[in-house]
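Engineer: I would like the atomic coordinates for the input below:
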Amino acid sequence: SFFNEQGEMLCDDREFIDQGQWLISLVHKYICYTNDISVLKEKCGYVSFIGPRHCKKIDKVDTVFEHLETIAKYLINNIAPDTGCLRTLFGDWNDAIDGLGTSEDGSSEYGTGVSVMATFHLYKNLQEMIDICKIYKKDYSLYHQTRETLYENIMKHCIVSSNEERRIVHGWGDKKAYYVGSFKDVDGYSRHSSTSNSFYVISGLYERDPSLKETILNAFEKLDGKYGLLTFDVPFYKGKSEKVGRVVNLPVGTAENAATYIHAGIFALKALGLMNEGKRYDEAMLKLIPLTHKKISTSPFVMPNSYGYNPEIGVDGESMNDWYTGSSNTLLKAFVDSVIGFVPQIDNTIKLNPIKFPVKEINMDITCKGRRIHIKYQNTNSQNISICLNDKPIENVIHLDELKEKELFVEIIL
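Structural biologist: Prediction:
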């Protein structure tokens, strides 16, 4: 909430491990689009918690860059000592799976349970901090060393095998006492998780080791539902899954309990695009957007936060509420990033990595790094990709330092 006259406000004091991760990614992407590193010098303040969900503004003030470093070091300090992956604490974006962070013996508030999605996001964050430090002329050795060690631990702990089949797990409890999203979870079920598979791709791990593509596509196939990709292919049931967390209190087939949660579905879309799976992207997207369904409980032109589906209890298309801004802009970003493949870099370049998508033509205008860029995407079923900038053929990188024009015309032919 807003501050009152005493400088106090209501604030969520639960330790979601990933809450700061999105801020690092936000600032990094902002700089990539604008080249505005002055934002790193902006002054920001702090609050201190004075009671449950109640905090007060304090005198401490420093810069956005120092805030990012504080977040990054907080994350690094929460790397679990036993596995070298990121502890989940209270939880992550899949916040109903909050049991993973609890301590098995109750000796501490949180144990060494891990969020694999947040671990993958940390791998991405560390590269983002390296990029920011380079342009801001700061030492980035800590982030580089941590990232390389994290990669080794991810490969060792986050991917499990059974009978030559591999799986990216969702996470595990304190001291690896049980898994979620493994061949045998805490409740005895074999289960796939959407977000851990998506973030393996989004984080840049897939670019480094693409050998898990079939594993990820197999998971997405198992997770496919009437309204798009599910959070889990097997729900959590009361009496069997209490250790996993609050998710057992959600009706089967709703919200995070084996239903289509919109943001999770969009993360999967972005992953499909980055894996050059345009047809699968299209099929999953059409299930996800409200306009393709005859019966849903939310506004037809607004993204819901989820779709429930459980005919046994009469749920078919219901959602808790509309989430216009969060979901629709995430859908747009996923399309720009991984279908059009328009990816500004931290330096003065723009990468273009388009994929084949089942439409004839897309036209899009984007303002980036002070330039107005007009993009025309044409799917001609060509065997090759050709890219022209102002009618001249180029490779897949626009070097803005070499251009004086403020208005650019990009033509992509696939």
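Engineer: looking at this structure, which helix or strand is least sure?
Structural biologist: The least trusted helix or strand in the chain, going by mean pLDDT, DSSP states H and E, turns out to be helix 324-335, with a mean of 83.
Engineer: what does the very next helix or strand once past that helix rub up against?
Structural biologist: Next helix or strand after helix 324-335 toward the C-terminus (DSSP states H and E): strand 342-344. Contacts of strand 342-344 from elsewhere in the structure, counted by Cβ atoms under 8 Å, 6 or more residues apart in numbering, are 32-33, 336-337, 350-353, 366, 368-369, 375. Where C-beta positions appear, they are placed from N, C-alpha and C, glycine not excepted.
Engineer: quick one: which of these is nearest to Leu68?
Structural biologist: Cys32 (14.5 Å; Cβ to Cβ).
Engineer: verify the stated contact: that closest one with Gln345.
Structural biologist: Yes - the criterion here is Cβ atoms under 8 Å, and Cys32 meets it with Gln345 at 6.1 Å.
Engineer: any regions of the protein where pLDDT drops low?
Structural biologist: For the chain, applying pLDDT under 70 flags the ranges 298-301, 322-325.
Engineer: ok, Cys32 and Gln345, which is more surrounded?
Structural biologist: Cys32 (19 against 15; other Cβ atoms under 10 Å).
Engineer: what sits against the nearest residue to Lys184 once chain neighbours are set aside?
Structural biologist: Among residues not flanking Lys184 along the chain, Ser190 sits closest, at 6.5 Å (Cβ to Cβ, 6 or more residues apart in numbering). By Cβ under 8 Å, 6+ apart, Ser190 lies in contact with 182-184, 234.
Engineer: please, where are all the strands along the stretch 101-250 of the chain?
Structural biologist: Ranges of strands in the stretch 101-250 of the chain, per DSSP state E, counting those that start in this stretch, are 114-115, 159-162, 165-168, 171-172, 179-180, 224-225, 228-229.
Engineer: reformat those strands as CSV; add mean neighbour count.
Structural biologist: Formatted as CSV, the strands of the stretch 101-250 of the chain follow (neighbours: other Cβ atoms under 10 Å):
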stretch, mean neighbour count
strand 114-115, 31
strand 159-162, 14
strand 165-168, 19
strand 171-172, 30
strand 179-180, 25
strand 224-225, 17
strand 228-229, 28
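Engineer: the stretch 151-300 of the chain: helices as residue ranges?
Structural biologist: Ranges of helices in the stretch 151-300 of the chain, per DSSP state H, counting those that start in this stretch, are 194-202, 205-208, 213-223, 262-274, 278-288.
Engineer: are any of the contacts of Ser190 buried, and which?
Structural biologist: 182, 234 (16 or more other Cβ atoms under 10 Å).
Engineer: out of the contacts of Ser190, flag the one nearest to Thr292.
Structural biologist: Val234 (25.7 Å).
Engineer: ok so, going back, export the least confident helix or strand of the chain as PDB, just CAs?
Structural biologist: Listed next in PDB are the C-alpha coordinates belonging to helix 324-335 (Å, rounded to 0.1, in the frame of the first residue of the first chain):
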ATOM      1  CA  TYR A 324      -5.100  -8.100 -18.000                       C
ATOM      2  CA  THR A 325      -1.800  -6.300 -17.500                       C
ATOM      3  CA  GLY A 326       0.300  -9.100 -16.200                       C
ATOM      4  CA  SER A 327      -0.700 -11.800 -18.600                       C
ATOM      5  CA  SER A 328      -1.300  -9.900 -21.900                       C
ATOM      6  CA  ASN A 329       2.000  -8.000 -21.800                       C
ATOM      7  CA  THR A 330       3.800 -11.300 -20.900                       C
ATOM      8  CA  LEU A 331       2.200 -12.900 -24.000                       C
ATOM      9  CA  LEU A 332       3.300 -10.000 -26.200                       C
ATOM     10  CA  LYS A 333       6.800 -10.100 -24.900                       C
ATOM     11  CA  ALA A 334       7.000 -13.900 -25.400                       C
ATOM     12  CA  PHE A 335       5.900 -13.300 -29.000                       C
END
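Engineer: now it against helix 278-288, angle please.
Structural biologist: 170 degrees (axes from the mean of the first three to the mean of the last three Cα atoms, to 10 degrees).
Engineer: any buried residues in helix 324-335, and which?
Structural biologist: So for helix 324-335, counting by 16+ other Cβ under 10 Å, buried means 327-328, 330-331, 334-335.
Engineer: so what does that helix touch, helix or strand wise?
Structural biologist: Applying 3 or more Cβ pairs under 8 Å, 6 or more residues apart in numbering; DSSP states H and E, one finds that helix 324-335 contacts helix 262-274.
Engineer: specify the angle between the helix it packs on and helix 278-288 in degrees.
Structural biologist: Using the same axes, to 10 degrees, helix 262-274 lies at 160 degrees relative to helix 278-288.
Engineer: same for helix 262-274, what does it pack against?
Structural biologist: helix 194-202, helix 205-208, helix 213-223, strand 228-229, helix 278-288, helix 324-335.
Engineer: before we move on, the earlier item: which of the contacts of Ser190 sits closest to Cys55?
Structural biologist: Ser182 (37.8 Å).
Engineer: next one: the closest one from Arg87, what distance?
Structural biologist: 18 Å (Cβ to Cβ, to the nearest Å).
Engineer: cool, Leu352 as well?
Structural biologist: For Leu352 relative to Arg87 (Cβ to Cβ), the value is 38 Å.
Engineer: those two - which one has more neighbours?
Structural biologist: Legend: neighbour count by other Cβ under 10 Å for Leu352 and Arg87, higher for Arg87 (25 against 19).
Engineer: is that one in a bridge, and if so with what?
Structural biologist: Beta bridges link Arg87 to Val114, judged by DSSP bridges.
Engineer: got TSV for the helices and strands packed on helix 262-274, with distance to Asn305 too?
Structural biologist: What follows is these, written out as TSV (distance: least, Cβ to Cβ, whole Å):
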stretch	distance to Asn305
helix 194-202	15
helix 205-208	27
helix 213-223	18
strand 228-229	13
helix 278-288	12
helix 324-335	7
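Engineer: Gly20: which of these is closest?
Structural biologist: helix 194-202 (15.9 Å).
Engineer: by contact count, what packs against the closest one?
Structural biologist: Judged by 3+ Cβ pairs under 8 Å, 6+ apart, the packing partners of helix 194-202 are helix 116-136, strand 165-168, helix 213-223, helix 262-274.
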